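Visitor: next come a sequence and a model predicted from it.
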Amino acid sequence: MPTTSPTTAPPTTATTKPTASPTTAPPNTATTTPTTMPTTSPTTAPPTTATTTPTTMPTTSPTTAPPTTATTTPTAPPTTAPPTTATTTPTTMPTTSPTTTTTPNLPEPPREVSVTSQTSESVTLTVALPTDCDDCGSVIVKYSPTGDTTRKSSTCHPQSCTIESLSAGTCYTFSVYTQGSGVNSTAGTNTTGCTLPSRPTSLAVTNRTMASVTLTVTPGDGGLDGYRVSYNGGGIYDNRNFTDTSSDTPTLLISSLTPGTTFTFNVFTLANGLESEDNYGTQASTSECFEIYYK
């Protein structure tokens, strides 16, 4: 009995109290607080933001946001909208308009066509356009020698329409069509015009008497109906026409002249009521009087 009581009661109470209070409170509070706060707060609180933000934010933001937005947005709108609208509109409009405007623009034929001048190689026409054709700026002339079916064509201005490279001393039929807005009148206005004949290419005096001179003519190219001889000398001024063209080198006898007188002769070619614009000239003298001797 005496051995058991004193050993158990006192030592247990005194040792437990002092050891638990000082050792657990101070060391545990100092170590736990700094370790827990920095680990959890770096994402939310100020100290962690300064260190973590520069590394995480710049890397994630530029890489993810710009590429995704730039690639997706521009590709979709331009591909679908523009091609569909542009292709449909122009195809329908041009096809319908030309067909409707062509028919009303057919011009009327010229009101009048007249020959204003001619040479041995050309004829000039003046054309009176229809009054209701504001777009008519030119005419088409189809022509051929009268009686010939082979026709040529030429485009010219209505106020002075010259048809060139024609044959001398020849009459032509001209059919003139109005041209406006790229289309021609369905009918033409006809007229006839003739070129001037060519002048003779040579002239020779082949005989002389006291009162006459005989001329031999070499004609020029193209058609002809005869010649007109204009002559003067010794106070005589006169003209004579010759219509015999059966010979290739016709002879023209000028009579009733003054003996022993020098005359100037100019020969013109005639064709279709027109005369060559030039002539071939020469001079010749009649013979003097002869003395008669009687035995």
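Guide: Nice, thanks for sending it over. Numbers count the residues shown, from 1 in each chain.

Visitor: enumerate every residue touching Cys171.
Guide: With CB atoms under 8 Å, 6 or more residues apart in numbering as the criterion, the residues that contact Cys171 are Pro145, Thr146, Thr192, Gly193, Cys194, Thr195, Asn272. Any C-beta I mention is one placed from the backbone N, CA and C, and that applies to glycine too.

Visitor: kindly recompute the last result at 10 Å.
Guide: 123, 145-147, 192-195, 223, 271-274 (CB atoms under 10 Å, 6 or more residues apart in numbering).

Visitor: could you check how far it is from Leu252?
Guide: Distance, Cys171 to Leu252, by CB to CB, to the nearest Å: 25 Å.

Visitor: and if you look at Val217?
Guide: For Val217 relative to Leu252 (CB to CB), the value is 6 Å.

Visitor: and for these two, which residues touch both?
Guide: Taking CB under 10 Å, 6+ apart as the criterion, Val217 and Leu252 both touch Leu203, Tyr227, Val229, Phe242, Val267.

Visitor: report the two of those residues separated the most.
Guide: Leu203 and Phe242 (12.7 Å; CB to CB).

Visitor: quick one: what helix or strand has Thr149 in it?
Guide: Secondary-structure assignment from DSSP states H and E places Thr149 in no helical or strand segment.

Visitor: what's the answer for Val113, then?
Guide: Assessed by DSSP H and E, Val113 sits inside strand 112-118.

Visitor: now for that strand, which elements pack on it?
Guide: Secondary-structure packing of strand 112-118 (3 or more CB pairs under 10 Å, 6 or more residues apart in numbering; DSSP states H and E): strand 123-128, strand 161-163, strand 171-180, strand 189-194.

Visitor: hmm, 6 Å instead?
Guide: Judged by 3 or more CB pairs under 6 Å, 6 or more residues apart in numbering; DSSP states H and E, the packing partners of strand 112-118 are strand 123-128, strand 189-194.
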